[in-house]
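>>> Dropping a prediction and its sequence here:
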Amino acid sequence: MTIRILGIDPGSRVTGFGIVDLDSQLSTYVASGCIRVSGKTLPERLKCIFEELSEIIMLHHPDEVAVESVFMHRNAGSALKLGQARGAAICAAVVELLPVSEYAPAEIKQAIVGRGRAEKEQVQHMIKVLLNLPSSPQADAADALAAALCHCHTRQTLSRIRTAQ
């Protein structure tokens, strides 16, 4: 049985998306890209995120969604905007009754690179290798694909645990 997973790397200016199919132990690349968010005001940008992701969901019919969670780095204002972008992305999934899983950035990097503090270039390289892509995807698309693959790994591990019990 194939499960299609949509990974989302939310941002108030650029939102990455990545779609992979999980069939048994194999993850296969389906699509990825970046939504260049338009709109002068934050509400207009949030509407853009919601509408663009809704279209992607309608086009690719994912079964599950994995979203990178908010992290607080230095700027509280940026974290709040990121949280609102995440909210718009999550709403696009929930409106379509899709289950949403959230993963911390360090958790995603650990699953993909083996280090929770990996650099963006390392994530891009590993996504290229793991999905057998001809070139590295853009950073935001790679982060979204990494969220989707992290979800694949988590899903497979939980399945093995249930089988072993």
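All right, it came through fine.

>>> how about the strands in this protein?
2-9, 14-23, 26-36, 64-68, 100-103 (DSSP state E).

>>> low-confidence ranges in the protein?
For the chain, the stretches with pLDDT under 70 are 71-73.

>>> Just give me the longest helix of it.
As assigned by DSSP state H, the longest helix anywhere in the chain is helix 139-164.

>>> Can you check what angle separates that one from strand 14-23?
30 degrees (axes from the mean of the first three to the mean of the last three C-alpha atoms, to 10 degrees).

>>> picking up where we left off before, point out the one among the strands of the chain that comes closest to Leu131.
strand 26-36 (4.2 Å; C-beta to C-beta). No exception for glycine: its C-beta is placed from N, CA and C like everyone else's.

>>> Paired strands for the closest one, with orientation please.
According to DSSP bridges, strand 26-36 has the following sheet partners: strand 14-23 (antiparallel).

>>> which of the residues in the partner strand are buried?
The neighbour-count check on strand 14-23 (16 or more other C-beta atoms under 10 Å) flags Val14, Thr15, Gly16, Phe17, Gly18, Ile19, Val20, Asp21, Leu22 as buried.

>>> Equivalent analysis for stretch 60-76, please.
Pro62, Glu64, Val65, Ala66, Val67, Glu68, Ser69, Val70.
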